Each structure stands twice: as structure tokens, then as C-alpha cells.
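> With the sequence up front, the predicted model follows.
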Amino acid sequence: MNTLTNKRVLLGVTGGIAAYKSADLVRRLQDAGADVRVVMTRAAQEFITPLTMQALSGKPVHTELLDTQAEAAMGHIELARWADVILVAPASADFIAKLSHGEGSDLLSTLCLASKGLIAVAPAMNQAMWASPATQDNLALIAKRAVHIIGPAAGSQACGDVGMGRMLEPLAICEAVAGLFQAGSMTGRKVVITAGPTREAIDPVRYISNHSSGKMGYALAQAMAEAGAHTILVSGPTQLPVPERVTRINVESALEMAAQVEASVEGADVFIGAAAVADYRPANVAQQKLKKTEGMSNTIELVENPDIIRAVAERADRPITVGFAAETKDVQQYAASKLHAKKLDMIIANDVSQVGIGFNSDNNAVWVLRRKAPLNAHDAASGGSEASAALLEESIDQMSKAQLSRVLVTKIADFFKQAEAVK
């Protein structure tokens, strides 16, 4: 099973004889489905060449913090945002010391400072350096900051010593990195997600639609599957691959999506309406292609589509219901209004007019608005209790949609546990 499918792994290589294992590690990560990019310190380049790592990864290797060409294309901040996980293997004692003290003296340490994703280190050093109180203190400090420590192992070392400090084998490191994404916070739960646009037919060749790519909904489906949920994705037309361990149901129109949601949502614990559902559809669909007639203007009569997410929120067996709001101004105001009008528990809003986080982008920055307490069926029918009316707001800065999805899944899982405690 490709346990790192669609994950972005930034592999940092520091100086040490174990750097030769990093070449194999690139292949292991790719075989597991990861997209891998490599950053090398100057010391690492004394043990293995950037050309070798470039040939294996298929991508340029990043080596310099102040690289004019790199900054013009993908600067270090963008590279940090790109990564779902920064894996440093081997991680020397020197680099671990840098990490513990928050240094940004080279590209790799700067990336770790700038990243909001996962960070993991696979230590590799002499047994005496490993046992040093300074190293152990540094390890304890980075662990407290949620840096994952993978290994090391005991055994013979290149210097002739025997003891702790050998870097784990690449396959074991790869499996450990994959395990970082298996959160388990939604294990055994049923989650239904809508994603992508809908297409409302005008005639056999034309339709009304929007710019939604489906990337946010698909990323959420993948993150929910990683968290252990039985995930059903009701998707409008997209070019995206089916996320691993996710059941996808393909639809075209809003009516088809409404029907499939109704058929799928029974027994669901969470419903996430991430699709950009067309508000209206043509009242009449022409059976033949409409022809252009000079001197005449054609008028298309529109009728309102069903409100899918509100219908879910008003069910007697309603799940935790999460909506999305793609706005171009007054984002929080419109999002709060939509949350109350549609009787949602939580809404995720973003400004699609901003460059880099709009439709079709791989990144996003959002506001999360949620009720203070989950709604129950009675509250939803009456518009919400006084206790649930208060909103909690939180902004999440720009990051990849894959990273953002895991952050959102954690928040949704916590809210679900709150709802379970109330029952």
C-alpha cells in the first residue's frame, strides 16, 4: 500500500557517513508514493553529491539559503510551505543543536523554522556524541516542540565504535514517516464530503459551472482517510485522482449531487460540504444544441437548486455539519451569516480573490468559524440554542491544502468529540 501517496516530503541531508543511505531513502519514499525534494547542507555535499540526489529525486537539489535563482522561482518560504513533512536524515549532532536553538544559519535550518508542517529527524552520529548530555538535552527540547525523532539504532559504526547512534535503515525511516500521517482521530467514523463544481446543462454541449478545482475537498477526503475515517467523496467533475482509501461517487449536476448525498449521509458522523454547488440551473434543458441566430437574444430561465448542506443540517439524524464559504470581500461577515442561515456547526471561509489561494491553487489560507457548542436536531430545527450561538473564530495562515486539511481534520475531530460528550 502506498502509505505516502500525494505527500510532499522535503528530505534534508546533513553531514555524516550515513548520508549514503539518503540516496536509497529517496527511492523508498518515492516507492511509497511521496513527491520528494532534497535539501543538502555543505557538509552533506562532502559525502554525497547533489547530482546523485537530483538524478534520484528527479528534481533540482537545494543547497544555498541565498540563491538568487531559487528565490526568483521558489524561495525558502515557499519551499517550507510546499512540504507536508521535513525529514532530516541523517540528522547530525550539529544540526540537532541548531534546531534546538532555533538557528537559521543555512537553508535547511531556515526551512525548519519557517515550516508549519511536520518535522522529523533521523539522528546519525558517533555513540559518544549520542550519549553526550548536550545532545540528549537538545533532543529533549526539540521533542517538546513536536519534532519527531526516528531512531537511532545500536550497532557497529564507521569509526569502529559499537553503540547507539546508527541511522535507521531507509525502509524503517520511510515506514515511520508514513506513520506520522496515520492520526487515527476519526477511526471507525463515517464521513461524507462533497467536492468540485457542478455542471448545470443548457443543452447537450453547454453548461453553467464555476472555477472550483475540487482540490480542497479532495485533500480533506485524503486527510480524513488518514485519520481512520470511512470516507465517501461525492465529487463533481474534476481531473483529480481518487484519494487512497476513499470511496468516490461521481456526479455532474446539483440534483445528482443532492440525490447521492441523501443516499450516502445516513449514519454519517460528519458531513463536509466543500463542493461549489451551482445556486441555479436552467429551467429547461434543450434536447438539441442551441443555434446562434443573428438579431436575436436568447434568455435562459433559471430555477434554484436544492440547498444540499442545509438539508443535511436539518436532518433528524444530522451529523456534525461543516460548510465552506468562498468569498471575495467581507469574508468573516458572510461566513458567519451563512453558518447561521444554513444551521451549520462550523464553516471554513477564504478570500478567493487573493492571488495564490483562489480557485485551482495548491495553497489556501482560511478563517474557521464554529459554534461554541454543537447543534442537535432540535437546535437545528429551531435555529440554534443560545449556548451554541456564540462563535469562535480562528485564522489559519497560508499553507498547502494537504497541510491545511490535516489541521482542519484535527479541529473537526475535536469538535466531534465535544458533540459526543454532550450526548
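That came in fine, so what should we check first?

> Now find how far off-centre stretch 37-48 is within its chain.
Its chain's C-alpha centre and that of stretch 37-48 lie 28 Å apart, by Cα atoms, centre = their mean, to the nearest Å.

> My reading is that Asn298 is in a helix; is that accurate?
No: judged by DSSP: H, G, I helix; E, B strand; the rest coil, Asn298 forms no part of a helix; its state is coil.

> surely Ala178 meets Gly33?
No: in this structure, Ala178 is not within contact of Gly33 by Cβ atoms under 8 Å, at 9.0 Å. Glycine gets a C-beta too; all of them are placed from N, C-alpha and C.

> Comparing these two, which residue is more hemmed in?
More crowded of Ala178 and Gly33, by other Cβ atoms under 10 Å: Ala178, with 21 against 16.

> ok, that one - contacts?
3-4, 32 (Cβ atoms under 8 Å, 6 or more residues apart in numbering).

> Please report the residue range of the longest helix in this protein.
Looking across the chain with DSSP state H, the single longest helix is helix 401-422.

> Could I get the buried residue list for it?
Neighbour-count burial for helix 401-422, counted by 16 or more other Cβ atoms under 10 Å, picks out 401-409, 411-413, 415-416, 419.

> Quick one: mean pLDDT over that helix.
Regarding helix 401-422, the rounded mean pLDDT is 85.

> Repeat that for stretch 342-353.
Averaging pLDDT along stretch 342-353 gives 90.

> repeat for stretch 244-258
Rounded mean pLDDT across stretch 244-258 is 95.

> now it, how far from the centre of its chain.
Averaged C-alpha coordinates place stretch 244-258 at 20 Å from its chain's average position (Cα atoms, centre = their mean).

> Buried residues in it, which are they?
Buried residues in stretch 244-258, defined by neighbour count with 16+ other Cβ under 10 Å: 244-246, 248-249, 251-254, 256-258.

> swap in stretch 16-31?
Here stretch 16-31 shows 16, 18-19, 21-23, 25-26, 28-30 as buried, counting by 16+ other Cβ under 10 Å.

> And those residues, which is closest to Glu301?
The closest of the buried residues of stretch 16-31 to Glu301 turns out to be Gln30 (Cβ to Cβ; 53.1 Å).

> these two touch, right, that closest one and Val36?
Yes: the pair Gln30 / Val36 is scored as a contact, 5.7 Å apart, by Cβ under 8 Å.

> Quickly list what's touching both of these two.
Joint contacts of Gln30 and Val36 (Cβ under 8 Å, 6+ apart) are Ser57.

> and Val162, how many neighbours does it have?
Neighbourhood size, Val162 [other Cβ under 10 Å]: 12.

> So it versus Ser156, what's the distance?
5 Å (Cβ to Cβ, to the nearest Å).

> Same check on Gly33?
In terms of Cβ to Cβ, Gly33 sits 33 Å off from Ser156.

> And Gly188, by the same measure?
Noted for Gly188: a distance of 45 Å to Ser156, by Cβ to Cβ.

> Identify the residue nearest Met40 in space, chain neighbours excluded?
Of all residues beyond its chain neighbours, the one nearest Met40 is Val13 (4.8 Å), with distances taken as Cβ to Cβ, 6 or more residues apart in numbering.

> Backbone dihedrals for the one you found, both of them.
Main-chain torsions, Val13, degrees, to the nearest 10: phi -120, psi 120.

> Pass me the low-pLDDT residue ranges in the stretch 101-250 of the chain, would you?
182-184 (pLDDT under 70).

> right, and the pair among the buried residues of stretch 16-31 with maximum separation?
Distance extremes for the buried residues of stretch 16-31: the farthest pair is Gly16 and Gln30 at 22.3 Å, using Cβ to Cβ.

> Next one, pLDDT for Met296 please.
pLDDT recorded at Met296 is 58.
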